[in-house]
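> only the shape, not the letters, is given here:
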């Protein structure tokens, strides 16, 4: 019986990792955390107003300690158990900025010709032409100025190799696993999140007062 | 005196070969091309065979470039050779772009997280175009 009572007096919360909000939106507890609580208070808990997003915020961190403090102030006889991430990153989205098409085409052309130039530089750098000519001579015994029979498949192979590595042909993926690029994007986002968690959250770093 | 010279030459050759071989393998490991291939083909258990393939390939390349043999094969033999060589270079290039972390930062900067494949295809097609342009038009000009 004791366990049941204890269960009913406990509120479990799990902070979400990232939450995107519109400016001046009112953040409810259910927006920033998953909640498990007894049915009597669950409905009231979900619509608790935690914070109003102020217009000048871009990124805001809500620490779990603040949330616990907030809940216990309203429900003093309940115990709050926090599980999972210790904070939520609130990202304020001002306007869903779409990519402008001309800008995108510009970047595309930049990458296209940049990639073309770098591969040419690489070929010159390692004397690829000489190597190809000698390889052609070794295989066939013929001296050719332009061993295109070897070089055109080679050029196509470069494209195939890159696609194989990134596991993408346009939108189609070659197998179910995430590609190295997606993992890399994820890692980059994680590092950014780690950074804002430490530096935007005033509670997580304590400095010496030197005045 | 002669024997010492020969021994010395052998030692220098061995030492420089060791350095170059170790460097080659270290470069391959950093880029992680072989693990990526085993992951794609789901042949993790056969990785030792792939290592030997690289070692024998490197030895064959060394022998070929030092001894200049003449095999008198049909020119069409060079087609699969070119294709496989190109795929390898392409994978190296892709791995290098990935190690340098260019794309995630670029995608974030220009806000195209959802159009990443299209940007990727720009690089891929650019490489193929650059390479074809180089061989067909650029060389010998």
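Here it is on my side, so go on. Just so it is clear, the model here is predicted, and its values are computed rather than measured. Residues are numbered from 1 along each chain as shown, chains lettered A, B, ... in the order given.
> how far is stretch B:55-62 from where the chain is centred?
Distance, stretch centre to chain centre, for stretch B:55-62: 12 Å (C-alpha atoms, centre = their mean, to the nearest Å).
> brain fart, stretch A:70-84
30 Å.
> mean confidence score for that stretch?
Mean pLDDT, stretch A:70-84: 85.
> can you give me the end-to-end distance of it?
18 Å (C-alpha to C-alpha, to the nearest Å).
> and what of stretch B:62-71?
Using C-alpha to C-alpha, the end-to-end distance of stretch B:62-71 comes to 16 Å.
> please enumerate residues in contact with that stretch?
A:134, A:135, A:137, A:138, A:139, A:140, A:141 (C-beta atoms under 8 Å, 6 or more residues apart in numbering or on different chains). (Glycine included, C-beta is placed from N, CA and C.)
> now the residues you listed: which count as buried?
A:134, A:135, A:137, A:138, A:139, A:140 (16 or more other C-beta atoms under 10 Å in any protein chain shown).
> cross these against strands and list the overlap.
Secondary structure from DSSP state E places none of the buried ones among the contacts of stretch B:62-71 in strands.
> quick one on the thing from earlier: from the contacts of stretch B:62-71, which are also near chain B?
Subset of the contacts of stretch B:62-71 in contact with chain B: A:134, A:135, A:137, A:138, A:139, A:140, A:141, counting by C-beta under 8 Å from any C-beta of the partner chain.
> which one of the residues you listed is nearest residue A:45?
Using C-beta to C-beta, residue A:135 comes nearest to residue A:45 of these, at 71.9 Å.
> which residue sits closest to the closest one, ignoring its sequence neighbours?
Excluding the flanking residues, the one nearest residue A:135 by C-beta to C-beta, 6 or more residues apart in numbering or on different chains is residue A:150, at 6.9 Å.
> where does chain B dip in pLDDT?
Scanning chain B for pLDDT under 70 picks out the ranges B:113.
> helices or strands up against the top helix by length along it?
The residue-count maximum for a helix in chain B (DSSP state H) belongs to helix B:2-31. The helices and strands touching helix B:2-31, judged by 3 or more C-beta pairs under 8 Å, 6 or more residues apart in numbering or on different chains; DSSP states H and E, are helix B:47-67, helix B:78-99.
> in JSON lines: those helices, plus mean neighbour count and distance to residue A:108.
What follows is the helices and strands packed on helix B:2-31, written out as JSON lines (neighbours: other C-beta atoms under 10 Å in any protein chain shown; distance: least, C-beta to C-beta, whole Å):
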{"stretch": "helix B:47-67", "mean neighbour count": "12", "distance to residue A:108": "35"}
{"stretch": "helix B:78-99", "mean neighbour count": "20", "distance to residue A:108": "16"}
